[in-house]
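A.B. asks: please work out how this folds:
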Amino acid sequence: MSALEKVSVCILSWNGRRHLETCLPALRAQRDPGVPWEVLVLDNGSTDDTVAWVRREHPWVRLVESRVNTGFCSGNNRLVAAAEGDAVALLNNDTRPAEDWLAALVAAFSAAPDDVAAVSGQIVDWTGERLDFGRGMMTFDGHAFQLDFRRPLAEARVPADGAELLFACGGNLLVRKRSFLDAGGFDESYFAYLEDVDLGWRLWAGGERVLFARQAVVHHRSAATSDLLGLYNRGFLFERNAFLTVYKNYEASIWQRIMPAVLWTLTSRTQTLLVQNNPGAEAFTLDPYAGWIANTAPAGEGGRDAATDPDPVAAEPVVGPADPFTDPAPPSPTLLEKWRGYGPVEFFRRAAAKAVRSVAPAGLGRRAAPPRITDERTVAQLRSITWLLGHLDRAAAERARLQARRVRSDREIFERFPLALVPTYPGDARLFSSAAFRAWLPADLPVQEHRLDEIMELPGCAGGEAAGPSGEER
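C.D. replies: Have a look, this model is predicted:
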């Protein structure tokens, strides 16, 4: 049994006064949970007069202020540090908790064995008709989904009371303060998203467990706060944080074997977005030695026909000065030098191609425009890779710390919670079906394959809403 002395309800808010106008009165109306409790609100650099409003309208709330938005992770860590309770209930500001929400969390935690670090409540949509969160599932590369997100409650696979979960949802959970702090709290480098998945994995690896409290229900305005970040800025967080999660938490014997699959998935998604969504990006798909340069494949033998095929940007390498401000450019070669350098056949081929380009419509022989990255989703992918490369040492140090406190193996964890293989991004289905990719997945690691529509309600289905860049992520 896990008897509690006091519970601290912690709410992080960023420009969320309109949400607190519903959330705080619902907390004020809570049924007595049987233990002393308090409510803390951290205002995370809001500009909507939240601080003055809370002080005026809800003086019973303990207010913590931050002059800037430090993110979901840092803000909640600060709240937990300030909490007086030996257990902390984390609640999203854009929720409306049922009147017995806190009592249900306390009852579930108090009845749980001592190795239970946290209990996770149920989240439904604002009308109470569809599921937001009951159980989460993690993919082999660190992304995660809310199982049956937005499905009608009558059809959704809601776990039974007391069922084990890999992780609790960060917007509705009760966690022992000591367990939270000993595990390292939320990783503040995440800013937001997947931090609860990361924490759940760390709790399990540290020998503790997470259970489900079905009766602890809150109604949620899904994405009401996260939409303020922007869709593609969220995509950056999804991709970066997913990689951090698996890099830090997989034990060495598994990480060394699954790392190629993780890296090639990240590479494939970035390359596919780059080629499909940006003007001129077909140039990235060309093999310059398949007939594009140096007369490597004459026309009719698998190479390009210079008279009809558009040139890639790199069709004729341009040699310029090493430093255009200090080094003079070399003089252009004369016709005689070109004749000697190319030989008669290549000289006349290039001359003919140049003549065609001078009169041909765009796309029928004219030199292609340089590729340009204009797609925001592609930019988000590239930003995530750039960030990861710039923070390798910090991530490695965190990995070493987490592995040092491990007492439960990943094999035991994933026998309970099999990893998921879910084609989600463009190009995933092709990659995941390839023999090479299959060879990179450790055969002894439990992995279950799913279609995205098996996991969540998709756009076009009744009541469905558009998923984020990687589906609806935790």
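A.B. asks: helices and strands around the lengthiest helix in the chain, which ones?
C.D. replies: Determined from DSSP state H, the single longest helix within the chain is helix 252-277. Counting contacts by 3 or more CB pairs under 8 Å, 6 or more residues apart in numbering; DSSP states H and E, helix 252-277 is packed against helix 231-249, helix 376-390, helix 428-432, helix 435-440. Yep, even glycine has a C-beta here, placed from its N, CA and C like the rest.
A.B. asks: try 10 Å this time
C.D. replies: helix 231-249, helix 376-390, helix 392-404, helix 410-416, strand 419-421, helix 428-432, helix 435-440 (3 or more CB pairs under 10 Å, 6 or more residues apart in numbering; DSSP states H and E).
A.B. asks: for the residue nearest the centre of the chain, give its distance to residue 398.
C.D. replies: Most central in the chain under CA atoms, centre = their mean is residue 238, positioned 1.4 Å from the mean C-alpha point. Remark: distance between residue 238 and residue 398 (CB to CB, to the nearest Å) = 19 Å.
A.B. asks: counting neighbours, which bits of stretch 77-95 end up buried?
C.D. replies: 77-80, 83, 85-95 (16 or more other CB atoms under 10 Å).
A.B. asks: again but with stretch 127-146, I slipped
C.D. replies: 130-146.
A.B. asks: and it, C-alpha only, in CSV?
C.D. replies: The C-alpha atoms that make up stretch 127-146 are tabulated as CSV, following Å, rounded to 0.1, in the frame of the first residue of the first chain:
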residue,chain,number,x,y,z
THR,A,127,-18.0,16.1,-24.9
GLY,A,128,-17.0,12.9,-23.2
GLU,A,129,-17.8,10.8,-26.3
ARG,A,130,-14.4,9.9,-27.7
LEU,A,131,-11.1,8.7,-26.2
ASP,A,132,-8.0,10.9,-26.0
PHE,A,133,-5.8,8.7,-23.8
GLY,A,134,-6.2,5.3,-22.2
ARG,A,135,-3.0,3.5,-23.2
GLY,A,136,0.0,4.6,-25.2
MET,A,137,2.3,2.6,-27.4
MET,A,138,5.9,3.3,-28.4
THR,A,139,7.4,2.5,-31.8
PHE,A,140,10.9,0.9,-32.2
ASP,A,141,12.4,4.4,-33.0
GLY,A,142,10.9,6.3,-30.0
HIS,A,143,7.7,7.8,-31.5
ALA,A,144,4.5,7.1,-29.6
PHE,A,145,0.8,7.1,-30.1
GLN,A,146,-2.4,7.2,-28.1
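A.B. asks: so for that stretch, what's the average pLDDT?
C.D. replies: Stretch 127-146 shows a mean pLDDT of 97.
A.B. asks: with stretch 98-118 instead?
C.D. replies: 97.
A.B. asks: list the buried residues of it.
C.D. replies: Counting neighbours by 16+ other CB under 10 Å, stretch 98-118 gives 98, 100-110, 112, 116-118 as buried.
A.B. asks: got it, and stretch 403-421?
C.D. replies: 410, 413-414, 417, 419-421.
A.B. asks: CA atoms only for the longest strand along the chain, dumped as PDB, please.
C.D. replies: The longest strand of the chain (DSSP state E) is strand 209-220. The C-alpha trace of strand 209-220 is given here as PDB (Å, rounded to 0.1, in the frame of the first residue of the first chain):
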ATOM      1  CA  ARG A 209       5.700   0.300 -12.500                       C
ATOM      2  CA  VAL A 210       2.900   2.500 -13.900                       C
ATOM      3  CA  LEU A 211      -0.800   1.600 -13.600                       C
ATOM      4  CA  PHE A 212      -4.100   2.800 -15.100                       C
ATOM      5  CA  ALA A 213      -6.800   4.500 -13.000                       C
ATOM      6  CA  ARG A 214      -9.900   4.300 -15.300                       C
ATOM      7  CA  GLN A 215     -12.200   6.300 -13.100                       C
ATOM      8  CA  ALA A 216      -9.800   9.400 -12.900                       C
ATOM      9  CA  VAL A 217     -11.400  11.100 -15.900                       C
ATOM     10  CA  VAL A 218     -10.600  14.500 -17.400                       C
ATOM     11  CA  HIS A 219     -12.200  16.100 -20.500                       C
ATOM     12  CA  HIS A 220      -9.600  17.600 -22.800                       C
END
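A.B. asks: so which elements touch it?
C.D. replies: helix 17-28, strand 87-92, strand 95-97, helix 101-111, strand 116-125, strand 131-133, strand 172-176, helix 195-205.
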